[in-house]
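Novice: With the input below, show me the fold.
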Amino acid sequence: MYVVTALEPAAHWLSLKCSDEDFAELIERPGINPAPYLARAHWVAIETEDTLPRGEMQQLLSRAHALVFAKLPIKTQAALAAPKSSTNRQKSTRRARRKAGRVS
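Specialist: Residues are numbered from 1 along each chain as shown. Below you'll find the predicted structure:
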C-alpha cells in the first residue's frame, strides 16, 4: 500500500508514503500534514486536490510506489513486474506438465 484516498468527503483528500527528506519538506507546506496513524512511517496527508500541482503529485505517487515496491520480496517484485500474458502462459504450461505426468 503506497497511497490511500477517501471515498467520501473527509478532512484529507489523499495520504501517501514518502521518503524521510520529502516528509520533512512536505509537512512544511500549507495543506499537507503528517498522516494520522501513519506519520511515524513517513506518510503525509494532503487536504485537497489543488494543494499540489498535478506534475508534482504524479512524481510523489511514483516515488511512493517505488519506495513500497523496493521493500517487497524479490519473488513478489518479479511476479508484479512480469507481463500478465507470460504469467498466464507459465501457469498453463505447468498445468499441462502436471496433466501429462498424471496421464502417463
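
Novice: Please count neighbours and contacts with C-alpha atoms only from this point.
Specialist: Fine.

Novice: per-domain residue ranges of the protein.
Specialist: 1-71, 74-104 (automatic domain parsing).

Novice: Just name the most buried of these.
Specialist: Mean neighbour count (mean count of other Cα atoms under 10 Å) peaks for domain 1-71 among the domains of the chain, with a mean of 15.

Novice: so who does the closest residue to residue 31 other than its chain neighbours touch?
Specialist: With Cα to Cα, 6 or more residues apart in numbering as the criterion, residue 31 has its nearest non-adjacent residue at 5.3 Å, and that residue is residue 47. By Cα atoms under 8 Å, 6 or more residues apart in numbering, the contact list for residue 47 reads 11-14, 31-33.

Novice: In strands only, show me the residues you listed.
Specialist: 14, 32-33 (DSSP state E).

Novice: Of those residues, which is the nearest to residue 52?
Specialist: Closest to residue 52 out of these is residue 32 (9.2 Å), distances taken as Cα to Cα.

Novice: Surely residue 60 touches residue 18?
Specialist: Yes - counting by Cα atoms under 8 Å, residue 18 is a contact partner of residue 60 at 7.3 Å.

Novice: Tell me who's in contact with residue 33.
Specialist: 26-27, 44-47.

Novice: Mind checking which of these are in strands?
Specialist: Those of those lying in strands (DSSP E): 44-46.

Novice: Closest one of those to residue 65?
Specialist: Looking across these and measuring by Cα to Cα, the closest to residue 65 is residue 44, at 14.1 Å.

Novice: Point out where the chain drops to low pLDDT.
Specialist: Low-confidence regions of the chain, defined by pLDDT under 70, span residues 85-104.
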